[in-house]
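# Need the 3D shape of this:
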Amino acid sequence: MNLVPIGIKRKVITGFALLIVIPLSACGSSSLPVTESQQTTNFVGTEGELIPIQSDNVRAAGYDEASMVMTVQFDNGALYEYYGVPADLWTSFVAAQPHPWSQVGYPRLVKGGIPYKRIG
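Next comes the predicted model:
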């Protein structure tokens, strides 16, 4: 014997389904672990400090996001500053290891006409 009208059952079932769906949808991508490649792409700037770079001709590099200055130290010891460098160029440079100079540095800094100065 069914004492509850059909329309009421439907509302109760729908309400129950919403209670389950809403909390599960709140568990978005923020609960997923961050991979090493995601950490690299989110990395912007070193406040001008040089960091080691894996490369056959670049020893170290740094980037100051506030002044948009990128510093590159080559294996021969030469040190250059590049001025007006956008943050995406720096992140592309770091991500291009082990060939950052040939893949990003030379084509986008030198051929791209970014102003520079040898400082050491």
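# Can you pull out the low-pLDDT segments for the protein?
Low-confidence regions of the chain, defined by pLDDT under 70, span residues 1-43.
# Try it again at 50.
In the predicted model, the chain carries pLDDT under 50 at residues 10-27, 29-31, 34-41.
# Okay, helices next: where are they in it?
In the chain, the helices defined using DSSP state H lie at 6-25, 36-42, 87-95, 100.
# How about residues contacting the next helix or strand after the third one?
In other words, helix 87-95. Sequence-wise, the next helix or strand downstream of helix 87-95 (DSSP states H and E) is helix 100. Outside of helix 100, the residues within contact range by Cβ atoms under 8 Å, 6 or more residues apart in numbering are Ile53, Ser55, Val58, Ala61, Phe93, Val94. All C-beta spots, glycine's among them, are computed from the backbone N, C-alpha and C.
# Quick check: phi and psi on the second one?
Backbone torsions of Ser55, given as degrees, to the nearest 10, read phi -160, psi 160.
# tell me the contacts of it?
Gln97, Pro98, His99, Pro100, Trp101.
# Make JSON lines out of those residues and add neighbour count and distance to Met68.
Formatted as JSON lines, these follow (neighbours: other Cβ atoms under 10 Å; distance: Cβ to Cβ, whole Å):
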{"residue": "Gln97", "neighbour count": "16", "distance to Met68": "21"}
{"residue": "Pro98", "neighbour count": "11", "distance to Met68": "25"}
{"residue": "His99", "neighbour count": "14", "distance to Met68": "23"}
{"residue": "Pro100", "neighbour count": "22", "distance to Met68": "18"}
{"residue": "Trp101", "neighbour count": "20", "distance to Met68": "19"}
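# ok, of those, which one's closest to Pro115?
Using Cβ to Cβ, the shortest approach to Pro115 within those belongs to Trp101, at 17.8 Å.
# Next one: that closest one from Ile53, what distance?
9 Å (Cβ to Cβ, to the nearest Å).
# now Glu47
For Glu47 relative to Ile53 (Cβ to Cβ), the value is 16 Å.
# Ile114 now?
18 Å.
# So which of the two has more stuff around it?
Counted by other Cβ atoms under 10 Å, Ile114 and Ile53 do not tie: Ile53 has more neighbours, with 21 against 17.
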